[in-house]
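>>> Sequence and computational prediction follow.
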Amino acid sequence: MHRRDLLYRLDLQNFTRELLSLYDELIPTEEEEVRRRKFFSKLESLFERELPGTRLFLFGSCVNAFGVCNSDIDVCLSVDEEEPNKIELVVQMATILESDAMLNVQALTHARVPIVKFTEPATGISCDICVNNTLAVVNSKLLHDYAQIDVRLRQLAFMVKHWAKRRQVNDTYRGTLSSYAYVLMCIHFLQQRRPPILPCLQEMRPTYEVKVGSIRCAYYDQVETLRDFGADNKETLGELLTAFFDYWACQHDYNHSVISVRTGGYLSKNEKEWTRRIGNERHLICIEDPFEVTHDLGRVVDKHSIKALRAEFSRAANVVAFDFNPWATLFEPY
Ligand code: GTP
Ligand code: MG
């Protein structure tokens, strides 16, 4: 091995070590998990009393294995009506939560998904509640199941989410990507490694199936049988994070390609008919939702934010390739 290659290997080992220690720091503590569980059962009792006949489900990062410490809690209120008046329910929930002395209660009735947001004073936990968003509960299970197959997915996604928050490219209201989109990018990326680190669960014999409206959600969920799936691939976290940023900085075909976790590969923008701007949806970076296949998670990105996003991918790719202390520079606040 050349001296230069040897130095590069040593640097990568060091980089991986630093990333893994950051990963350990970001994992929520058992104490936090207990606090969240208590918070949720209190909320369930409140809703049983005030909105009988409804049920609460957790979704998002508090159940999908991609929640770092101190993340918020996403809750879905399930009501037994085909088309409930979501805005009315959100306003009603806001009144209930205010009477229960919750802080900063806000009813966001005009959002694409209407929600009520609030903070519990005792624990400082922030929570969002939406109505009948069953798909989000199902896609949280899909993400959770992928995370059980190979620990490198959770490690990679923690690094990418942490980087995106620090660099301010994790905000759909400002035209950048949601955490959900970043996790899908990580799953897709690991499906593409050779040998692959993750399979494509939706292309396998379904062992789990639910129908949400007209959408059939089906995939292989007996993931405990897939624990060795990625064993032939020995790539470390440092190598994977480097390759991830290199892919999004230099290799992805933004003009023609759609990444698709559902098929475990790429689709063309043409076949999805995502070539034209319709309304505010521009499809400048295309990430297919695994179940709502007409839904591009990149639709929120506009002509300004795509520049910012791609500049951040390039910066990250350069930092991990050339910086003397990449782990420090990479996560520097924007
Ligand atoms: P953090 O809160 O940043 O830790 O991450 P999170 O995993 O909770 O992600 P986020 O807040 O982006 O979204 C919460 C959940 O909502 C996700 O896990 C998805 O289940 C769901 N979700 C978010 N955006 C979309 C979307 O555009 N379409 C669908 N179908 N579901 C979404
Ligand atoms: Mg969340």
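Arrived safely, thanks for sending. Ligands and ions are numbered 1, 2, ... in the order given.
>>> okay but Q106 is in contact with V91, surely?
No - contact criterion Cβ atoms under 8 Å: Q106 and V91 do not qualify, at 11.0 Å. C-betas here are computed from N, CA, C, even on glycine.
>>> Show me what from this structure comes close to ligand 1.
Taking Cβ under 6 Å from any ligand atom as the criterion, the chain approaches ligand 1 at residues 59-61, 64, 66-67, 71-72, 74, 135-136, 139-140, 178-180, 289, 292, 295, 297.
>>> Just the buried residues from those residues, in ChimeraX please.
In ChimeraX syntax, the buried subset of these is picked out as below (16 or more other Cβ atoms under 10 Å):
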select :59,60,61,64,66,67,71,74,135,136,139,140,178,179,180,289,297
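>>> Helices - which of the residues of the chain next to ligand 1 land there?
135-136, 139-140, 179-180 (DSSP state H).
>>> For this structure, just list every one of the helices.
Under the criterion DSSP H, helices of the chain are mapped to 3-26, 30-50, 86-99, 134-149, 151-166, 179-192, 237-246, 269-272, 305-322, 326-330.
>>> buried ones in the fifth one?
The reference is to helix 151-166. Buried residues in helix 151-166, defined by neighbour count with 16+ other Cβ under 10 Å: 152-165.
>>> Mind checking the pLDDT average for it?
The average of the pLDDT scores along helix 151-166 is 98.
>>> Next, the angle helix 237-246 makes with it.
50 degrees (axes from the mean of the first three to the mean of the last three Cα atoms, to 10 degrees).
>>> and helix 151-166, what does it pack onto?
Helix 151-166 sits against helix 3-26, helix 134-149, helix 179-192, helix 237-246, with contacts defined as 3 or more Cβ pairs under 8 Å, 6 or more residues apart in numbering; DSSP states H and E.
>>> Point out the most buried one among those.
Compared across the helices and strands packed on helix 151-166, helix 179-192 shows the largest average neighbour count, a mean of 23 (mean count of other Cβ atoms under 10 Å).
>>> For the lowest-mean-pLDDT helix or strand in the chain, name the packing helices and strands.
For the chain, the helix or strand with the lowest mean confidence is helix 3-26, at a mean of 85 (criterion: mean pLDDT, DSSP states H and E). If contacts are counted by 3+ Cβ pairs under 8 Å, 6+ apart, helix 3-26 sits against helix 151-166, helix 237-246, helix 326-330.
>>> and those helices as a markdown table, adding distance to L46?
Compiled in a markdown table, these are given as follows (distance: least, Cβ to Cβ, whole Å):
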| stretch | distance to L46 |
| --- | --- |
| helix 151-166 | 30 |
| helix 237-246 | 41 |
| helix 326-330 | 42 |
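>>> Tell me which of the helices of the chain lies nearest to ligand 2.
helix 179-192 (6.4 Å; Cβ to the ion).
>>> could the helices of the chain go into TSV alongside distance to I115?
Output for the helices of the chain, formatted as TSV (distance: least, Cβ to Cβ, whole Å):
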stretch	distance to I115
helix 3-26	25
helix 30-50	14
helix 86-99	7
helix 134-149	11
helix 151-166	20
helix 179-192	15
helix 237-246	30
helix 269-272	28
helix 305-322	22
helix 326-330	32
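>>> mean pLDDT lowest for which of these?
Among those, helix 3-26 scores lowest, at a mean of 85.
>>> Put the alpha carbons of it into PDB.
Backbone C-alpha positions of helix 3-26 (Å, rounded to 0.1, in the frame of the first residue of the first chain) are rendered in PDB as follows:
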ATOM      1  CA  ARG A   3       2.100   5.800   2.000                       C
ATOM      2  CA  ARG A   4      -0.600   8.200   0.800                       C
ATOM      3  CA  ASP A   5      -3.200   5.500   0.800                       C
ATOM      4  CA  LEU A   6      -2.100   4.400   4.200                       C
ATOM      5  CA  LEU A   7      -2.500   7.900   5.600                       C
ATOM      6  CA  TYR A   8      -5.900   8.200   3.900                       C
ATOM      7  CA  ARG A   9      -7.000   4.900   5.600                       C
ATOM      8  CA  LEU A  10      -5.800   6.100   9.000                       C
ATOM      9  CA  ASP A  11      -7.700   9.400   8.500                       C
ATOM     10  CA  LEU A  12     -10.800   7.500   7.600                       C
ATOM     11  CA  GLN A  13     -10.600   5.300  10.600                       C
ATOM     12  CA  ASN A  14     -10.200   8.300  12.800                       C
ATOM     13  CA  PHE A  15     -13.100  10.000  11.100                       C
ATOM     14  CA  THR A  16     -15.300   7.000  11.700                       C
ATOM     15  CA  ARG A  17     -14.300   6.900  15.300                       C
ATOM     16  CA  GLU A  18     -15.300  10.500  15.800                       C
ATOM     17  CA  LEU A  19     -18.500  10.000  13.900                       C
ATOM     18  CA  LEU A  20     -19.400   7.000  16.100                       C
ATOM     19  CA  SER A  21     -18.800   8.900  19.300                       C
ATOM     20  CA  LEU A  22     -21.100  11.700  18.000                       C
ATOM     21  CA  TYR A  23     -23.700   9.000  17.200                       C
ATOM     22  CA  ASP A  24     -23.500   7.700  20.800                       C
ATOM     23  CA  GLU A  25     -24.000  11.300  22.100                       C
ATOM     24  CA  LEU A  26     -27.100  11.800  19.900                       C
END
